[in-house]
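*Asks:* how does the following fold in three dimensions:
(2 chains)
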Amino acid sequence: MRRFACTLALTLVTGAAPASLTPVAHADDPSVTGMFGMPFEQPGPKCSKDADGRTVCKPAAVSQVALADGTVLYWDGLEGMEDVRYNTVAEIGNVAQDDLSRVLDLRSGRPVWTTPSPADAGTPNGTVGDEYLPVVPHNNDRTDNDGDLFCSDQVHLANGLVLNVGGTGYYLEPGVSGVPYGVSELEGLKATRIFDPVTHAWRAARGRMAYGRWYPSLVTLPGGDVLVASGVTKLIKPAYPDRPEDSGTNVKQIETFDPRTETWTTSRPSANRSLPLFPRLHLLPNGRVYYDAAGQTFNPDGQSYDEALWNMAAVYDPNSQAWTDLGLPVFGPALKGFRGSAFSQQLTLKPPYTKAQFLSAGGVYGVTPGTYVGTSTSTLNTVDVANGVTTFASEATGEMVNGRWYSTGVTLPTGQVLAFSGADRDEVVGPGSATPVTQAELYDPATKTWRALASARKGRTYHNSAILLQDGRVLVGGHAPINTGYAFPTNTGRAELGLSDAFRDPSFEVFSPPNLFYGPRPVVVDYALSQPYNALTTIEVHDPARSSRSCSSATRR
Amino acid sequence: MSVVAGRLSALVAAVALLVAAAPAPAHQGDPAIVARIDAVEPPIEGVAVLVRAGAADQLLLVNSTADDVEVLGEDGEPFLRVGRDSVRADVSSEAWRRSAGPFGAAAPAPAGATWVTVADHGSWGWFDHRLHPVDRAVTPDLRASKRPVRLADWTVPLRHRGRTHVVKGHVEYRPVVGQFRSRVTTRPDGVDVDVLDGRVPGLFVRWHGEGTLLVKGMEGEPFARFSRTGVEVNETSVTWRDDRALRDEPVAPGTAARWVAQGPSPSLTWLDRRLAYAPGVPPDGALRSDEPTTVVEWDVPVVVAGREQAIAGETTWHPNAASGGGDGRRVAMLAAAAAAVAVAIAFAVARGRRRRRVEP
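*Replies:* All right, here's what the predicted structure looks like:
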């Protein structure tokens, strides 16, 4: 406790978080509740003005990627929000900036930051300009916000590179060059970028997508190709006089990336399907792609005339390029259908690896008009592909301790699932109107129940993130909100009611899950470097009797 | 005045002109203000008209008939001709030029008509500013009441085969205070049904009985046939065509049934307006109540082994549940933020005026 008090005092005096990651004392037993370390952030002022008078802030970890060497790539979102003077809708298309990336290294026990080259991921191969409305004047005077990483998606390629797809291009439409006010448009990019985790360099891939996508989802297929689905090409005004069939909807076409040629191929029209933004997609054991009837929504406002179809869990076959409807997942005890702004975590596969299970929790119910209060319900969907037949089952599983919107899920090596951060209600409907949910929770598939864990010290609502580190801990970060009430950022509500922070938060917290406190951790003594498929293998650990049961040996196929 | 200042003034003037010339979209950035279609009178077989929501609502027309549909401007003259395979526009008309943008601004149009083919397909979407009335506003009292209200009516005339038709609609304030949910109350043996809630709800039907299940459509027409070996749909069914139109995959109309296999599994998903509460806004009694109110009792006729039956259900308005307290203060806080914005804008405008006054 003394250490905690000293650390807190240091934080207050210096205005910066301590670099030490040493967990602080907690009143509860960490083997039950887990433990959060003190918040820490990159040294230096939180924000400063550049030569042009723009506000440049330390990046918040809106997106994180765990790299093979144990470091973490992350990048910011919604940079430039701080420069909105009156109205976010009227100005962000002009004042937004391309978000910056960083690499965080925690391996030594003290955080070290490096800046990728270029920090904003550079000029992508798919920028704005293809999607301006005919006749309507636009203002794209600021071109340093035309290649933003914000709202892209990313996966690792088999060669260790990171593939990043889509993103945001900002402008005003209608707008007039020279005038910084208009109607802000966020255009989905066709961009395809590659990050090299060895050189920390960004570059454009050889090919770009055929469709601009803001909030797409990627899935790596068994052969190493990568599938992209959904996203939207124009967020604010998806209306095209010359092709109304694409208006008011998200991108229905599916494309596949070949890592060898770095080019994309658009699937046949039979592959087209209306999906929500950032659809929760997973690879099934039989190589098909599963849609978990969940995604990102701007509840309560709807986004597509056929959005009722988003309620349906479905499977996509990359070979036949066709979808099969599976059924409607349950939503709590009485409802069925779509879960918006919630996470969907695949549980750990078990032998014989034909049954995949997906846990989705929190969020809001329905497509439109939806609710905006975060739910505490969770759902376990099961897709079984045994004997070449796909069956679907859905059950309401444990109730969470907190109703939570926009939480992040992390699956632990134990098979348990953690929930972090989020808010008690939808902060896209009412930015700045929500109370942060700081308490972490743990789902145990064995008991199908949730229980409360320790609470984070920082509230992280819109655009939070969390990933599993190689040492079994979890890096929790992010928070880059829309300005209060779509106006400008003000923390009056935070001071008066404990509502969410109106400003971005560049800090991180490291969470040590309960299983790290069960006792001595196993130390691997010996194992065979070469492992065959479909065979049992034994990993020898030091003193297995004292080690955690689940980790004393492992079986892999 | 410097060159830069001169250019800036010109730009500001251009924007001022743009704003002054343009009716503000009905939305005003408020997603609770929406345009809706009430009817096309008289109806046109093979022609679908939809409203697309956006910063400014857009009217869409899909024509699958052999003859053009003309869209008439406010002056009664046609400015769009939507055919089955192409769309032509009078690009000289003011109506056309205003319809291209969400704010309706248009430079002066040259004299005479100039018809140009603008698309090689049978559909078009345009910003029809008759959907964006400028003289109606949501007053603070109305906004505080959280009650939906009809703000204005609008009409858009069409001409097809020499006959005039009118698309009738209205603009309404529709605050989000709850949602419609549908559920199945009765289903024949051998039929499993799920409802897909949404703006236009859907049904997911699976057949595992003996023989054939025939589902009838919205007009009583044969719509879908289920058997152990799969499902077929009648592509000329008004129900199927409506489903496809809602998915932006329009199907040509026809008179004779045209059955098409959909797959080997005896299951089918489609969007079905029979489940929707047609006015879109719940009745006053439902809005006043804190409890769910059933607003539609619907049924979908089916034939099982030659026997007429139905999949029946109800659609209910569910007011949003209490959200954990403190809503009043939250709303007050956001209102304070909005007020701060208004004050800031007023201050900025006043400062701009003062600056202009002291400029030589």
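*Asks:* so where's the stretch 301-450 of chain A shaky on pLDDT?
*Replies:* Within the stretch 301-450 of chain A, the segments meeting pLDDT under 70 span A:301-303, A:368-370.
*Asks:* the closest residue to A:N311 other than its chain neighbours - how many residues pack around it?
*Replies:* Nearest non-adjacent residue to A:N311, counting by C-beta to C-beta, 6 or more residues apart in numbering or on different chains: A:G337, 3.7 Å away. For the C-beta atoms, the positions are set from N, CA and C on the backbone; glycine is no exception. Using other C-beta atoms under 10 Å in any protein chain shown, A:G337 has 24 other residues around it.
*Asks:* where's A:G337 relative to B:P188, distance?
*Replies:* Per C-beta to C-beta, to the nearest Å, A:G337 is found 23 Å from B:P188.
*Asks:* one more: A:T447?
*Replies:* Where B:P188 is concerned, A:T447 sits at a distance of 39 Å (C-beta to C-beta).
*Asks:* ok, now which ones touch A:V330?
*Replies:* Residues near A:V330 by C-beta atoms under 8 Å, 6 or more residues apart in numbering or on different chains: A:K336, A:T379, A:S394, A:E395, A:A396.
*Asks:* what bridges to the fourth one?
*Replies:* Right, A:E395. Counting by DSSP bridges, A:E395 is bridged to A:L380.
*Asks:* in three-state terms, label the residue in chain A positioned nearest to chain B for me.
*Replies:* In chain A, the residue that lies nearest chain B is A:A308 (2.8 Å; C-beta to the nearest C-beta). Each residue gets one of three states, and A:A308 gets helix by DSSP: H, G, I helix; E, B strand; the rest coil.
*Asks:* report how many residues lie close to B:V251.
*Replies:* B:V251: 18 neighbours (other C-beta under 10 Å).
*Asks:* what about it, distance to chain A?
*Replies:* Going from B:V251 to chain A by C-beta to the nearest C-beta, to the nearest Å gives 13 Å.
*Asks:* that residue touches B:D242, doesn't it?
*Replies:* No. The criterion here is C-beta atoms under 8 Å, and B:V251 misses it with B:D242 at 9.6 Å.
*Asks:* quick check, A:T192 in contact with A:Y211.
*Replies:* No. Counting by C-beta under 8 Å, A:T192 does not reach A:Y211; the two are 11.7 Å apart.
*Asks:* residues contacting residue 167?
*Replies:* The chain I'm using is chain A. Residues in contact with A:G167 (C-beta under 8 Å, 6+ apart) are A:P124, A:G147, A:D148, A:L149, A:F150, A:C151, A:S152, A:G188, A:L189, A:A191, A:W214.
*Asks:* that's the other chain; I wanted chain B
*Replies:* By C-beta under 8 Å, 6+ apart, the neighbours of B:V167 are B:I37, B:A39, B:V40, B:V49, B:L59, B:T155, B:V156, B:P157, B:L158.
*Asks:* what's in contact with the host helix or strand of the fourth one?
*Replies:* In the assignment (DSSP states H and E), B:V49 maps to strand B:47-52. Applying C-beta under 8 Å, 6+ apart, the contact partners of strand B:47-52 are A:239, A:244, A:247-248, A:305, B:34-37, B:40, B:57-65, B:69, B:125, B:131, B:158, B:160, B:167, B:169, B:242, B:245, B:250.
*Asks:* and that strand, which strands flank it?
*Replies:* Partners of strand B:47-52 in its sheet, by DSSP bridges: strand B:58-63 (antiparallel).
*Asks:* where does pLDDT dip in the stretch 1-150 of chain B?
*Replies:* Short version for the stretch 1-150 of chain B, where the test is pLDDT under 70: B:1-32, B:53-56, B:101-110, B:133-137, B:144-146.
*Asks:* to what extent is the closest residue to chain A within it buried, counted in neighbours?
*Replies:* Nearest to chain A, among the residues of the stretch 1-150 of chain B, is B:G125, at 3.3 Å (C-beta to the nearest C-beta). Look at B:G125: counted by other C-beta under 10 Å, it has 25 neighbours.
*Asks:* is it true that it touches B:L59?
*Replies:* Yes. With contacts defined as C-beta under 8 Å, B:G125 counts as touching B:L59 at a distance of 6.9 Å.
*Asks:* chain B contacts on the stretch 401-550 of chain A?
*Replies:* The stretch 401-550 of chain A has residues A:403, A:424-425, A:430, A:432-433, A:435, A:484-485, A:487-488, A:490, A:492-493, A:496-497, A:499 near chain B, with proximity defined as C-beta under 8 Å from any C-beta of the partner chain.
*Asks:* distance of A:V65 from B:H132?
*Replies:* 44 Å.
*Asks:* the more surrounded of these two?
*Replies:* Shown here are A:V65 and B:H132; by other C-beta under 10 Å, B:H132 has more neighbours (24 against 20).
*Asks:* isn't the more buried one right up against B:D57?
*Replies:* Yes. Using C-beta under 8 Å, B:H132 is in contact with B:D57, at 7.1 Å.
*Asks:* and residue 169, what helix or strand is that in?
*Replies:* Just so you know, I chose chain A. Judged by DSSP H and E, A:G169 forms part of strand A:162-172.
*Asks:* looking at chain B here, not the other one
*Replies:* strand B:163-173.
*Asks:* against which helices or strands is the following helix or strand past that strand packed?
*Replies:* Using DSSP H and E, the helix or strand that directly follows strand B:163-173 along the chain is strand B:178-186. With contacts taken as 3 or more C-beta pairs under 8 Å, 6 or more residues apart in numbering or on different chains; DSSP states H and E, strand B:178-186 sits against strand B:191-196, strand B:293-304, strand B:307-319.
*Asks:* buried ones in strand B:178-186?
*Replies:* By neighbour count on 16 or more other C-beta atoms under 10 Å in any protein chain shown, the buried set for strand B:178-186 is B:G178, B:Q179, B:F180, B:R181, B:S182, B:R183, B:V184.
*Asks:* okay, the angle between that strand and strand B:293-304?
*Replies:* Using axes from the mean of the first three to the mean of the last three C-alpha atoms, to 10 degrees, the inter-axis angle of strand B:178-186 relative to strand B:293-304 is 40 degrees.
*Asks:* alpha carbons only: can I get strand B:178-186 in CSV?
*Replies:* Listed in CSV are the C-alpha atoms of strand B:178-186, where the atom choice follows Å, rounded to 0.1, in the frame of the first residue of the first chain:
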residue,chain,number,x,y,z
GLY,B,178,-38.6,2.1,-28.1
GLN,B,179,-38.7,-0.5,-30.8
PHE,B,180,-41.0,-2.9,-32.6
ARG,B,181,-40.5,-6.6,-32.0
SER,B,182,-42.4,-9.4,-33.6
ARG,B,183,-43.0,-12.9,-32.4
VAL,B,184,-44.7,-16.1,-33.6
THR,B,185,-47.8,-17.2,-31.7
THR,B,186,-49.0,-20.1,-33.9
